[in-house]
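[1] coordinates for the following, if possible.
(2 chains)
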Amino acid sequence: MAGPSPALVASREADAAAASAVKALQGNGQLEEARERYAELVARHQRRAARIAYHYLRDGAEADEAVQDAFVKAYQHLASFREELPFDVWFTRILINGCLDRIKARTRRERWLLPMTGKAGGRGSTVVQAAEAGSTERDLTERVAAGGLSPEQALLGRERRREIAAALGKLPERQRSVFVLSHVEGRTSREVSALTGLNESTVRVHLFRAIRKLRTLLAPASDDTATKAPGELKGKRRVTS
Amino acid sequence: MSLLNRLGRGHLDDTEMARLWTTGEPHAHLESCADCRGRYARFDSWLNGIGDELRAEADEAFPTDRLVVQQAQIARRLELLERPARVIAFPKAARAVISGHSNVRRWVTVAAAASLIAGGFGLGQIVPLRTAVQQQAAAVIKPQPHLTTAEATKRAEEFTAEAGGTKDDELLSNAFRSRVTSLNALDELTPHARDAGK
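    Residues are numbered from 1 along each chain as shown, chains lettered A, B, ... in the order given. The predicted model follows:
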């Protein structure tokens, strides 16, 4: 994995400058100016934060709340931010901790919910999942109307995403975190290590295991025969023919 | 690396490609084998495709207008942080009256007792109730005059003389007859011990 790109370095310098300015303004009691300056940081990191929260929580409304909470918390505790750490790393850590707290709370809450036995959710699914299924149905019609995709393409795309999401959901918590942060968000192993508190080599091991498991889980849907070793393919053909 | 790979077949399997992709290390076989290079390229694009799908999914859940709304909500929440929350006090009177240990309740009790005492005293001053009761009692109860032994003997003799030849039975009957006139009828109906011997 390559190091941070020049664009990323420039962005981080801008973040550090903005964070320092907000901190100074907060210290001087110029709160309105501090908020205005902080809005720059919010605008710069909002989409990335929303992606991370969404992949952790798999629920738009909850991810929205988690992102808001994280930005408010970061603003309140900006005095404890140290400039030697990039702002996005510091902020993402706050966000991830918030998401993990929400997941814990949700698990506790769902312990008291009866599982849905209908077709919509399938076996073992909960009310939340059924609601998600309903929202996905609505999303599909909206997407087809707005995106200019054919209904078939939209349906296939949706199926594909559902498979990927399901496979990602089957990964253990740490593997999923590492995969999302390093692969979806493009973080380096060192950054993921700083974000998750794991050792750098442990991050690589988790990433490797996550990829291997995803490969196994998504193999039927993907172009698997093309990536099998020729020897394995020959063996397979011999068995089947 | 598996034993088969080491023995010369050497083509990379999925696990090996995942390891190479994760670490980014160069691999001698991958450099030399076009087949494996092709498979590795497909593996790479498959993995990148997953990343793209996941990003696209999250971006669909958070379109630009939703992010704008979210930004406004964050700004509002930050603004609210700086304003101290206005706390509306719970009505104290209601709590004080309900509470058993409040000063208000104590004062109310003392005031009620004091007003009762003052009212009673005032009423006593206005209405001479005690005097009226004493006068009424004096009118009802007339004390019997005490008789001396001589007077009693004299009255007994007079009574005997008046009775003359009357029998003892009549005397006894008169003595026990009810003095209340309204009960005389009832007395007539009641059997008496004096009649038992007749």
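[2] the longest helix belonging to chain A near chain B at all?
    Using DSSP state H, we find that the single longest helix of chain A is helix A:31-57. Yes - applying CB under 8 Å from any CB of the partner chain, one finds helix A:31-57 touching chain B at A:31, A:35, A:38-39, A:42-43, A:46-47, A:50-51, A:54-55. For every residue, glycine as well, the C-beta is placed using N, CA and C.
[3] now for that helix, which elements pack on it?
    Helix A:31-57 sits against helix A:6-28, helix A:60-76, helix A:87-110, helix B:34-61, helix B:64-82, with contacts defined as 3 or more CB pairs under 8 Å, 6 or more residues apart in numbering or on different chains; DSSP states H and E.
[4] what angle sits between it and helix B:64-82?
    Angle between the axes of helix A:31-57 and helix B:64-82 is 130 degrees (criterion: axes from the mean of the first three to the mean of the last three CA atoms, to 10 degrees).
[5] need the helices and strands packed on helix A:31-57 in a markdown table (columns: distance to B:T190).
    Formatted as a markdown table, the helices and strands packed on helix A:31-57 follow (distance: least, CB to CB, whole Å):
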| stretch | distance to B:T190 |
| --- | --- |
| helix A:6-28 | 109 |
| helix A:60-76 | 98 |
| helix A:87-110 | 90 |
| helix B:34-61 | 108 |
| helix B:64-82 | 98 |
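[6] now the element after the helix or strand harbouring B:R19, going C-ward?
    Assessed by DSSP states H and E, B:R19 sits inside helix B:14-23. With elements assigned by DSSP H and E, the helix or strand that comes after helix B:14-23 is helix B:28-32.
[7] stretch A:58-67: which residues count as buried?
    Using 16 or more other CB atoms under 10 Å in any protein chain shown as the test for burial, stretch A:58-67 gives A:58-60, A:62-67.
[8] mean confidence for it?
    Stretch A:58-67 comes out with an average pLDDT of 93.
[9] mind checking how far it is from the chain centre?
    Centroid displacement of stretch A:58-67 relative to its chain, using CA atoms, centre = their mean, to the nearest Å, is 11 Å.
[10] returning to that earlier point: so which of the buried residues of stretch A:58-67 are also by chain B?
    Within the set of the buried residues of stretch A:58-67, contact with chain B (CB under 8 Å from any CB) is found for A:60, A:63-64, A:67.
[11] please identify which of these is nearest to chain B.
    Checking those against chain B with CB to the nearest CB, the nearest one is A:G60 at 4.5 Å.
[12] surely that closest one touches B:P63?
    No - with contact defined as CB atoms under 8 Å, A:G60 does not reach B:P63; the gap is 10.3 Å.
[13] residue ranges in chain B under the pLDDT threshold?
    B:1-9, B:92-102, B:129-130, B:140-147, B:160, B:162-179, B:194, B:196-198 (pLDDT under 70).
[14] and whichever strand or helix holds A:V205, anywhere near chain B?
    If you go by DSSP H and E, A:V205 is part of helix A:200-218. Yes - contact of helix A:200-218 with chain B (CB under 8 Å from any CB) involves A:204, A:207-208, A:211-212, A:214-215, A:218.
[15] who does the helix holding B:R19 touch, helix- and strand-wise?
    If you count contacts as 3+ CB pairs under 8 Å, 6+ apart, helix B:14-23 packs onto helix A:200-218, helix B:34-61.
[16] could you dump the ones you listed into TSV with mean neighbour count added?
    Compiled in TSV, the helices and strands packed on helix B:14-23 are given as follows (neighbours: other CB atoms under 10 Å in any protein chain shown):
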stretch	mean neighbour count
helix A:200-218	19
helix B:34-61	17
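[17] got these as a markdown table, with distance to A:R82 columns?
    Listed next are those as a markdown table, based on distance: least, CB to CB, whole Å:
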| stretch | distance to A:R82 |
| --- | --- |
| helix A:200-218 | 20 |
| helix B:34-61 | 29 |
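[18] which of the ones you listed sits closest to A:R102?
    A:R102 lies closest to helix B:34-61 among the helices and strands packed on helix B:14-23, at 15.8 Å (CB to CB).
[19] which one is A:A70 nearest to, not counting chain neighbours?
    Spatial nearest neighbour of A:A70, chain neighbours left out: A:L95 (4.0 Å); criterion: CB to CB, 6 or more residues apart in numbering or on different chains.
[20] flag the shaky bits of chain A, pLDDT-wise.
    Scanning chain A for pLDDT under 70 picks out the ranges A:1-4, A:114-149, A:220-241.
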